[in-house]
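A.B. asks: Using only what follows, build the 3D model:
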Amino acid sequence: MNTIHRLAGFSSSFRFSSSFSFIGLIACAAVAITMASTATAANQRATIGFSSALISASELRTLLASSSKSSSEQVVRVLDTRELLQADNKTPNFEAGRIPGALPLPYSLLRGPKENPGRGPDLEKLTSLLQPLGLHLNSPIVLTGSGSDPTEFGAVARTYWTLKSVGFTRLAILNGGFGAWLASKYPVETGVLGATVANAALQLKPNEALGITTQALNELRLALEPALFVDARPEDFYLGQLRHGAAARWGTLPNALHFDSEEWFTPNTGRLPNVKELRAIAQAEGFLQPKAQVAFCNTGHWAATHWFIVSELLGQSQVRLYTESAIAWSQAGLPMDNEPSRAVALLRQAQGKGVQ
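C.D. replies: Next up, the predicted model:
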């Protein structure tokens, strides 16, 4: 049953130490809405679509304007993956400025525990996060971040993958994020979030085909026709010179190909070039082969960008994302390439070097 939630205390209350205080905040003070508006919204969801999984600020503005004309309910849902507060935990991001009608879905809420951040929340926790946002599995959803840099885009791409992996079918990312919206001088909404529509009946439908477990990946490695493994991390990680703090060892997966996810982007931006340019890059790097392909990094963050581009923009459905990535692989004691000698590893540990 759908309910409208008033978030009168959003500004002062959304200062949380526990991620899931988000849920309680967004699910307060409900009043009923009519069946007529629900039916209207359902009909509109069947007609709204995206030209691509990557859309421009101008296309998003047109979609928002079109849907708002036919219903008071915002049919195209904009989910903002930025953290609510900046690094100082005081200065607001979301309340300081957002795309009109956007709802907050901070990326940190979709991360796993410190020892394995790529694992992500379980289905129950994810459901409790998404139900208050009023989403339906066929809702047109546009994801946006700040658009500041390639790493930040990775958070948006991982959020996209997360939603698709649990059954959402109509997703897009705003190229250039909120920065592109601002650069276009489109309207901005500020202050306390007013109202949203919850969908307590939302039931997620996991699609395990989009990802791969450590065990399955190892079996794939040992197969007669092994997959293409793509290490999307910066080169220092691939070469075994750096490791994530939660990783047990330095190095990369056996026979992995290195391609830093930053190489996809227009230099010094968080914006992707057009599909023609992306396809040329992918063709040159061998990413359009029909063989199975697995993208990984440290925590399934940078690799999500690779998955998004090759799968969603270039149509290569054989690409999967290894969400737990090098951290889980190294913790499992499986073989690694570019792993330093035991003496070098012990020296680094003693000196506190080579860990990021």
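
A.B. asks: residues of stretch 86-95 that come out buried?
C.D. replies: Using 16 or more other CB atoms under 10 Å as the test for burial, stretch 86-95 gives 92-95. No exception for glycine: its C-beta is placed from N, CA and C like everyone else's.

A.B. asks: Give me the contacts around it.
C.D. replies: The contact list for stretch 86-95, computed with CB atoms under 8 Å, 6 or more residues apart in numbering, reads 10-11, 15, 80, 82-85, 102, 104, 146, 190-193.

A.B. asks: of all those, which comes closest to residue 139?
C.D. replies: Residue 139 lies nearest to residue 102 out of these, by CB to CB, at 14.0 Å.

A.B. asks: What is the burial count for that closest one?
C.D. replies: For residue 102, the neighbour count with other CB atoms under 10 Å is 23.

A.B. asks: Identify the residue spatially nearest to it, adjacent ones excluded.
C.D. replies: Spatially, and ignoring its direct neighbours in sequence, residue 102 is nearest to residue 78 (4.1 Å; CB to CB, 6 or more residues apart in numbering).

A.B. asks: surely the one you found meets residue 104?
C.D. replies: No - the pair residue 78 / residue 104 is not scored as a contact, 10.3 Å apart, by CB atoms under 8 Å.

A.B. asks: For the closest residue to residue 63 other than its chain neighbours, give me the pLDDT.
C.D. replies: Nearest residue to residue 63, sequence neighbours excluded (CB to CB, 6+ apart): residue 76, at 4.8 Å. Residue 76 carries a pLDDT score of 92 in this model.

A.B. asks: Over to residue 98?
C.D. replies: The score at residue 98 is 97. That number is its pLDDT.

A.B. asks: so who does it touch?
C.D. replies: Contact analysis of residue 98 by CB under 8 Å, 6+ apart lists 80, 178, 188-190.

A.B. asks: try it again with 10 Å
C.D. replies: With contact taken as CB atoms under 10 Å, 6 or more residues apart in numbering, residue 98 is in contact with 78, 80, 82, 104, 144, 178, 181, 188-191, 193.

A.B. asks: Bridged to it, which residues?
C.D. replies: Note on residue 98: beta-bridge partners by DSSP bridges are residue 189.

A.B. asks: Of the buried residues of stretch 86-95, just say which sits nearest to residue 263.
C.D. replies: The closest of the buried residues of stretch 86-95, once distances to residue 263 are taken by CB to CB, is residue 93, at 27.7 Å.

A.B. asks: Now do the closest one against residue 195, distance only.
C.D. replies: In this view, residue 93 and residue 195 are 20 Å apart by CB to CB, to the nearest Å.

A.B. asks: and if you look at residue 218?
C.D. replies: 48 Å.

A.B. asks: cool, residue 335 as well?
C.D. replies: Residue 335 is 54 Å from residue 195, by CB to CB.

A.B. asks: Ok, residue 323 next?
C.D. replies: Residue 323 sits 34 Å away from residue 195, going by CB to CB.

A.B. asks: which one of those two has more residues nearby?
C.D. replies: Shown here are residue 323 and residue 195; by other CB under 10 Å, residue 323 has more neighbours (29 against 13).
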